[in-house]
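Trainee: What shape does this take:
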Amino acid sequence: MFQRLAFATLFVAISAIPTWANAQKNDKSPAPWPVKAVKLMVGFPAGTSPDLVARTLAEPLSQALGQPVVVENRPGAGGNIAADIVAKATDQHTIGIMINGNLTIARLLNSKTPFDPAKDLAPISLIGVAPLVLAAPASAPGNNAAEFLVAARKAGNTWSYGSPGVGTIGHIGMELLKSKAQLEAVHVPYQGYPAVVTAMIGGQIHLSMLPPALATAQARAGKIKIIGATSAGRSSLVPDVPSLSEAGVKNFELEIWNAAAAPASMPKPIVDKLSALFSEIARSPEVRQKLYQQGWQVTGTTSEGLAKRIKADTAMLGKVIATQGIKAE
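Mentor: Predicted coordinates:
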C-alpha cells in the first residue's frame, strides 16, 4: 500500500514537470526596466529651453526609476540630429526631449531628414505648451492689435517680418497669420531669435513672432511692442496680452511645445510606464512651477494625447508648408 502511494506521488510530481516548464517558457511578464542609466537626448545646446526642460525632469525621473537619468546635448539641424539618434536607438534606455518640429514637420520640410517622425518615434507625453507673441518695433503704428493689423494690411509687401530661419515655427506661423489676416509682409530669415530682436529694435523689420519670455523682457525695457498672442484665448503665460483672435483673426491658434518621445522600437509597456511617469512628474506642483518660470504651461498628457497633437499640428503646419512651398534643405 505504501509503495503504491509513493509511486503515485512520484508519478504526479514527474507529470507536473513539463507543465511547469511550459509555464516558464510562456511567461509574458516584462523584464525589469530600467537596468542602467536612462539617457535624455536634447537637440539644442546647454541653457536653451529644451535643455532646461530636460534637466528639470531628469532628477524626479531618476528618483522614480531608481536609475541615473543623464541629459546629453547633441545640437544641430533644429534638433533633428538628436531626434535621429533617438529614432535609431536600440538600447531601450534612450529618450528624446523634443520640440514640435521634430515630431511633426521634419520630413515635410526636408525630404532628406534621416528619420520619419510618424514611423520612427513613439510619443510619450506632451510636456508643456506656449503661444508665440506677435511683436513689432516700439514705434509701430496703432494702439491695439486691430489697429496694427489695419496698418500692416495697408503697408502690403513694403513691410517685412523676421524669423529665426526658413522652416522654423516663427516662419511657418507668420505665413499662416498672413493667410488668416490678409497680410503681405516679406520674409527675412535670421540666424536665431537674438538677431531677429536686434533687427526689430533697429527698425529693419516690422513684425515677428517671438517666444513670450523673450518678447516681454524686451517690451518691459521699452524696446519693442507686443501686439497679440497666438493662443486661442488669453494665455496664463501672458495674461495681459490679448489674443490675435480677439483682434479679429478668426480661427487662428498656434503654439510651440515640447514633448518626450522614444524610439518606435521601444516596447509598449515601457512607453506606457514612461508616459505615466512624465505626466505625473510634469504636473507635480514643484515641477509645474519650474516649467512655468521657464515659459511653459504644463500639459503632461498621455502618449495618446501627444499622438493626437502631433497629428493635428502636422496637418495644420503641413498645409502651410505645401501651399507656400517651404523647404529647409
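
Trainee: Which residue ranges make up the domains of the chain?
Mentor: The chain is divided into the following domains under automatic domain parsing: 38-129+256-324, 133-247.

Trainee: among the ones you listed, which is nearest residue 31?
Mentor: domain 38-129+256-324 (9.1 Å; CB to CB). (C-beta placed from N, C-alpha, C; glycine too.)

Trainee: gap between the closest one and the chain center?
Mentor: For domain 38-129+256-324, the distance from its own C-alpha centre to the chain's C-alpha centre is 6 Å (CA atoms, centre = their mean, to the nearest Å).

Trainee: start to end distance for it?
Mentor: With CA to CA, to the nearest Å as the measure, the ends of domain 38-129+256-324 fall 40 Å from one another.

Trainee: One more: stretch 236-252?
Mentor: Note: stretch 236-252 ends 18 Å apart using CA to CA.

Trainee: neighbouring contacts of that stretch?
Mentor: 130-131, 133-134, 144-146, 149, 176-177, 180-181, 212, 216, 226-235, 253, 292, 295-297 (CB atoms under 8 Å, 6 or more residues apart in numbering).

Trainee: Name the residues of that stretch that are buried.
Mentor: By 16 or more other CB atoms under 10 Å, the buried positions in stretch 236-252 come out as 237-238, 241-245, 247, 249, 252.

Trainee: can you give me the strands in the stretch 201-329 of the chain?
Mentor: Using DSSP state E, counting those that start in this stretch, the strands of the stretch 201-329 of the chain run over residues 207-210, 224-229, 255-263, 297-298.

Trainee: residues in contact with residue 215?
Mentor: Counted by CB under 8 Å, 6+ apart, residue 215 has contacts 133, 135, 224, 226.

Trainee: 10 Å instead?
Mentor: With contact set as CB atoms under 10 Å, 6 or more residues apart in numbering, residue 215 has these partners: 132-135, 193, 197, 200, 208-209, 224-227, 229, 238, 241.

Trainee: How about residue 50?
Mentor: Contacts of residue 50 (CB under 10 Å, 6+ apart): 40-44, 71, 73, 75, 79, 82, 96-99, 102, 127, 258.

Trainee: Kindly format the C-alpha coordinates of the helix or strand containing it as CSV.
Mentor: Using DSSP states H and E, residue 50 sits in helix 49-65. The C-alpha trace of helix 49-65 is given here as CSV (Å, rounded to 0.1, in the frame of the first residue of the first chain):
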residue,chain,number,x,y,z
SER,A,49,14.7,76.0,-23.4
PRO,A,50,14.6,72.2,-24.3
ASP,A,51,17.8,71.6,-22.3
LEU,A,52,16.3,73.4,-19.2
VAL,A,53,13.1,71.3,-19.5
ALA,A,54,15.1,68.1,-19.7
ARG,A,55,17.2,69.0,-16.7
THR,A,56,14.1,69.9,-14.7
LEU,A,57,12.6,66.5,-15.4
ALA,A,58,15.8,64.4,-15.0
GLU,A,59,16.1,64.4,-11.2
PRO,A,60,12.5,63.4,-10.4
LEU,A,61,12.5,60.9,-13.2
SER,A,62,15.7,59.3,-11.8
GLN,A,63,14.1,59.1,-8.4
ALA,A,64,11.0,57.4,-9.8
LEU,A,65,13.0,54.9,-11.9
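
Trainee: All good on my end, thank you.
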